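Peer 1: Take a look and give me a structure for this.
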Amino acid sequence: MTFTRTAIPDVIIINPKVHGDERGYFVETFRADKLETFLGFSLSFCQDNESKSSYGVLRGLHYQLPPHAQTKLVRVIEGKVLDVAVDIRKGSPTFGQHVAVELSGENKRQLLVPRGFAHGFVVLSETCTFAYKVDNYYSPECDRGIAFDDSALNIDWLIDTQKLQLSAKDTQQPLFINADHFDFNESLYSQKGTRA
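Peer 2: Alright, predicted model coming up:
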């Protein structure tokens, strides 16, 4: 299992080692000890989520505010997505910037998206099963979002807008400038290894 920091260093790509032969494959998808060694602190995941989507489904950009902010560890079981994390930590040197990574059932790659980031993905394959761990429970009161097509974010979703499938909620999210943001000094760093 290898860990690689992206252009936004707090967003991390995880590549697990896949053991395969003519029978199929085996892979460790999560190792708390290895992640903790890399990060220098522990994360306590408490909930697993899974979704099934078809081509062009875009889910995002979503996040939760404190005290129910979430770190997400996301992966694709089958299919392929473009996964996006947007830095919404006011005062961060990468505030308003994003990381986009292709995750698929083939490459087995995962993305660690910390608190203080909005997250979304679009399905690039015919169907996709998407799974992720979170370190805080879902809270409707703290649930927030940002418009996926805000030109200020300049995200290339790789699919023509006309072919995207969105929930009613995601067609009405606020622009980045009007969204609720995190404070850089009180987001990821003040909540390491804690759960509300």
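
Peer 1: which residues in this protein form helices?
Peer 2: Under the criterion DSSP state H, the chain carries helices at the ranges 32-39.

Peer 1: Next up, the contacts around the nearest residue in space to E28 that is not next to it in sequence.
Peer 2: Nearest residue to E28, sequence neighbours excluded (Cβ to Cβ, 6 or more residues apart in numbering): P16, at 5.8 Å. From N, CA and C alone the C-beta is placed, and that goes for glycine too. Counting by Cβ atoms under 8 Å, 6 or more residues apart in numbering, P16 makes contact with M1, V27, E28, T29, K108, Q110.

Peer 1: what about 10 Å?
Peer 2: Neighbour list for P16: M1, T2, V27, E28, T29, F30, R31, K34, R75, K108, R109, Q110 [criterion: Cβ atoms under 10 Å, 6 or more residues apart in numbering].

Peer 1: Report all helices and strands that the helix or strand bottoming out on mean pLDDT in the chain contacts.
Peer 2: Lowest on mean pLDDT, DSSP states H and E among the helices and strands of the chain sits strand 18-21, with a mean of 86. Counting contacts by 3 or more Cβ pairs under 10 Å, 6 or more residues apart in numbering; DSSP states H and E, strand 18-21 is packed against strand 24-27.

Peer 1: neighbours around the closest residue to I14 other than its chain neighbours, how many?
Peer 2: Distance criterion Cβ to Cβ, 6+ apart; nearest residue to I14, sequence neighbours excluded, is Q110 at 4.2 Å. As a burial measure, Q110 scores 26 neighbours (other Cβ atoms under 10 Å).

Peer 1: re the thing from before, generate a PyMOL selection restricted to the buried subset of the contacts of P16.
Peer 2: Buried residues within these, by 16 or more other Cβ atoms under 10 Å, are selected in PyMOL with:
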select buried, resi 75+108+109+110
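
Peer 1: Starting from P16, give me the distance back to F45.
Peer 2: According to Cβ to Cβ, to the nearest Å, F45 and P16 sit 16 Å apart.

Peer 1: where in this structure is pLDDT low?
Peer 2: 186-196 (pLDDT under 70).

Peer 1: How about the backbone phi and psi for the residue of it most remote from its centre?
Peer 2: The centre of the chain is farthest from one residue, E22, which by Cα atoms, centre = their mean lies 32.5 Å away. Torsion angles at E22 (phi, psi; degrees, to the nearest 10) stand at phi -60, psi -20.

Peer 1: Show me what V84 is bridged to.
Peer 2: A100, G120 (DSSP bridges).

Peer 1: ok, it - contacts?
Peer 2: 11, 58, 60-61, 98-101, 111, 113, 117-122, 148, 153, 155-157.
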